[in-house]
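Chemist: With the input below, show me the fold.
(one chain, ligands or ions: 1)
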Amino acid sequence: MKALKRAFLFGEMMHKNFMKRAIELAKLGGSNVFPNPQVGAVIVKDNQIIAEGYHQVFGGDHAEVNAFNQATSDVSGAEMYVTLEPCSHYGKTPPCALKIIEKESKRFMLQQKIQIHSSLEKGYNY
Ligand SMILES: [Zn+2]
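Modeler: So this is what the prediction gives:
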């Protein structure tokens with residue numbers, strides 16, 4: 001029972017650390033992404049970060065796509081931590097929600113840190 005509780009607490013700590021890292025990455029976008037929000041994403045597999053990305057410049061690829069592009073190993077079954085819910089519309093770039101489904105990320109953790117995306121529901125229900 002104790003071991004189980006320890007394992008759970010360890011998991012919680014890992015989740016927080018991954019999200020913290022995603023927020024750090026998001027900040028790297030600075031004012032270059034204006035008027036888009038700063039977004040950071042981390043891809044985790046087997047409790048290891050296998051890729052990181054952030055939205056670097058307005059009109060450029062989104063954080064999730066940059067993270068996928070950076071991944072050096074297979075991302076299927078991985079988890080993604082992203083500071084904003086993935087977009088589900090075709091704007092300057094294709095929707096990230098679609099990309100995540102394609103890549104078979106098992107689940108993604110996200111935090112509404114900066115602003116609530118207008119496509120909130122759609123992003124989840126893809
Ligand atoms: Zn997007």
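
Chemist: my read: H89 touches P95, true?
Modeler: Yes. Between H89 and P95 there is a contact under C-beta atoms under 8 Å: 5.8 Å. C-beta coordinates here come from the backbone N, C-alpha and C atoms, glycine included.

Chemist: For these two, indicate the residue with more neighbours.
Modeler: Between H89 and P95, counted using other C-beta atoms under 10 Å, P95 has the larger neighbour count: 20 against 14.

Chemist: mind listing what's buried in the helix of greatest length in the chain?
Modeler: Longest helix of the chain, by residue count under DSSP state H: helix 2-27. Neighbour-count burial for helix 2-27 flags 18-19, 21-23, 25-26 (criterion: 16 or more other C-beta atoms under 10 Å).

Chemist: How is V42 assigned, secondary-structure-wise?
Modeler: The three-state label given to V42 by DSSP: H, G, I helix; E, B strand; the rest coil is strand.

Chemist: residue contacts, it?
Modeler: Listed by C-beta atoms under 8 Å, 6 or more residues apart in numbering, the contact set of V42 reads 18-19, 21-22, 25, 49, 51-52, 67, 80-82.

Chemist: can I get the residues you listed in a markdown table with pLDDT and distance to the ion?
Modeler: Rendered in a markdown table, the data for the contacts of V42 read as follows (pLDDT from 0 to 100; distance: C-beta to the ion, whole Å):
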| residue | pLDDT | distance to the ion |
| --- | --- | --- |
| F18 | 89 | 19 |
| M19 | 88 | 18 |
| R21 | 93 | 19 |
| A22 | 91 | 14 |
| L25 | 95 | 14 |
| I49 | 92 | 20 |
| A51 | 93 | 16 |
| E52 | 95 | 16 |
| A67 | 92 | 11 |
| M80 | 86 | 12 |
| Y81 | 87 | 15 |
| V82 | 88 | 9 |
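
Chemist: Does T72 lie in a helix or a strand, and which?
Modeler: For T72, there is no host helix or strand (DSSP states H and E).

Chemist: Surely it touches I49?
Modeler: No. Under the criterion of C-beta under 8 Å, T72 makes no contact with I49, lying 11.3 Å away.

Chemist: With neighbour numbers in mind, choose between these two.
Modeler: Shown here are T72 and I49; by other C-beta under 10 Å, I49 has more neighbours (16 against 7).
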